[in-house]
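**Q** Predicted model follows, preceded by the sequence.
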There are 2 protein chains.
Amino acid sequence: METMGRHVISELWGCDFDKLNDVVGIEKTFVDAALKSGAEIREVAFHKFAPQGVSGVVIISESHLTIHSFPEHGYASIDVYTCGDLDPNIAANYIADALGAETRETVEIPRGMGPVQVKANSEAKAL
Amino acid sequence: METMGRHVISELWGCDFDKLNDVVGIEKTFVDAALKSGAEIREVAFHKFAPQGVSGVVIISESHLTIHSFPEHGYASIDVYTCGDLDPNIAANYIADALGAETRETVEIPRGMGPVQVKANSEAKAL
């Protein structure tokens, strides 16, 4: 298996409080995001914090998707890391839409290619 | 809860084949790494691939640790993401030592602080 991968780090702001605090809804969103991107799901683990917030991961054959949500700040911290021919932006965009993010900032980092590099085209989009 | 976090991306090369293919050993290493850094463990999920390779995650109250290993390439792709006062480098260094990495390359990315930034002090260390 090739080591090369694409890791999208996505910072979502202005998300809906209730969506960020709904562990069942977030797990479904992440499973759907993985499937829409063509990934094969291996493990799913989500956790609801008190008084609020959700953390979770979907391990896929092609790497992983994670979230840490902070409903009180409207903030969700997203990682989508894929190997092979998958495009991590498909899942990242699906998640941002599902959580109602007003602002999304993303960086894509190539993985498994030797020295770590970060693409210069970091973007901050106000939707 | 504060949104600020520290995300260490660690690319390990020249690791021992058997260590990278040992799902039980890797899970123990990751649990130990989380505990040594002072984290509170919430979820643990690891998966062994055929013919080789391990993926897994430890969800902690303070975010997560993940691995994707490629034993045939001596490569392990590590993420250690912590919030609060924890230092992600404690866990990342412990993992690199445990997997016998000859070369480790790390980048630390601040999370939850607004626009994504990447520190310039990316480092490649030949051990």
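**A** Happy to help now that I have it.
**Q** and A:Cys83, how many neighbours does it have?
**A** For A:Cys83, the neighbour count with other CB atoms under 10 Å in any protein chain shown is 23. Glycine gets a C-beta too; all of them are placed from N, C-alpha and C.
**Q** do A:Phe49 as well
**A** 17.
**Q** One more: A:Asp16?
**A** There are 15 residues near A:Asp16, going by other CB under 10 Å.
**Q** residue contacts, it?
**A** For A:Asp16, the contacting residues are A:74, A:99-100, by CB atoms under 8 Å, 6 or more residues apart in numbering or on different chains.
**Q** Just the strands from chain A, written as ranges.
**A** A:5-13, A:41-48, A:54-60, A:63-70, A:75-83, A:103-111, A:123-126 (DSSP state E).
**Q** neighbour-wise, which of the contacts of A:Asp16 leads?
**A** Top of the contacts of A:Asp16 by neighbour count (other CB under 10 Å): A:Leu99, with 23 neighbours.
**Q** Chain neighbours aside, what residue packs nearest to A:Asp22?
**A** A:Val54 (7.5 Å; CB to CB, 6 or more residues apart in numbering or on different chains).
**Q** so A:Leu12 sits right up against A:His73, yeah?
**A** No. Counting by CB atoms under 8 Å, A:Leu12 sits too far from A:His73 to count as a contact (10.7 Å).
**Q** what bridges to A:Ile78?
**A** Under DSSP bridges, the beta-bridge partners of A:Ile78 are A:Ser10, A:Ile67.
**Q** Count the neighbours of it for me.
**A** 24.
**Q** do the same with the one 4 residues further on
**A** Residue neighbour count, defined by other CB under 10 Å, stands at 27 for A:Thr82.
**Q** Pull out the buried residues from stretch A:63-73.
**A** A:63-71, A:73 (16 or more other CB atoms under 10 Å in any protein chain shown).
**Q** whoops, stretch A:4-22 was the one
**A** Those would be A:5-13, A:15, A:19-22, for stretch A:4-22 by 16+ other CB under 10 Å.
**Q** Just give me the closest of the contacts of A:Asp16 to A:Ile59.
**A** For the contacts of A:Asp16, the closest approach to A:Ile59 (CB to CB) belongs to A:Leu99, at 20.6 Å.
**Q** Against which helices or strands is the lengthiest helix in chain A packed?
**A** Across chain A, the longest stretch assigned as helix under DSSP state H is helix A:23-36. Contacts defined by 3 or more CB pairs under 8 Å, 6 or more residues apart in numbering or on different chains; DSSP states H and E place helix A:23-36 against helix A:17-20, strand A:41-48, strand A:54-60, strand A:63-70, helix A:88-98.
**Q** I'd say A:Trp13 and A:Glu102 touch.
**A** Yes. In terms of CB under 8 Å, A:Trp13 counts as a neighbour of A:Glu102; the distance is 6.4 Å.
**Q** quick one, phi psi at A:Phe49?
**A** phi -100, psi 160 (degrees, to the nearest 10).
**Q** so where's chain A uncertain?
**A** For chain A, the stretches with pLDDT under 70 are A:115-127.
**Q** Surely A:Val23 touches A:Ser55?
**A** No. A:Val23 is beyond contact range of A:Ser55, at 9.2 Å (criterion: CB under 8 Å).
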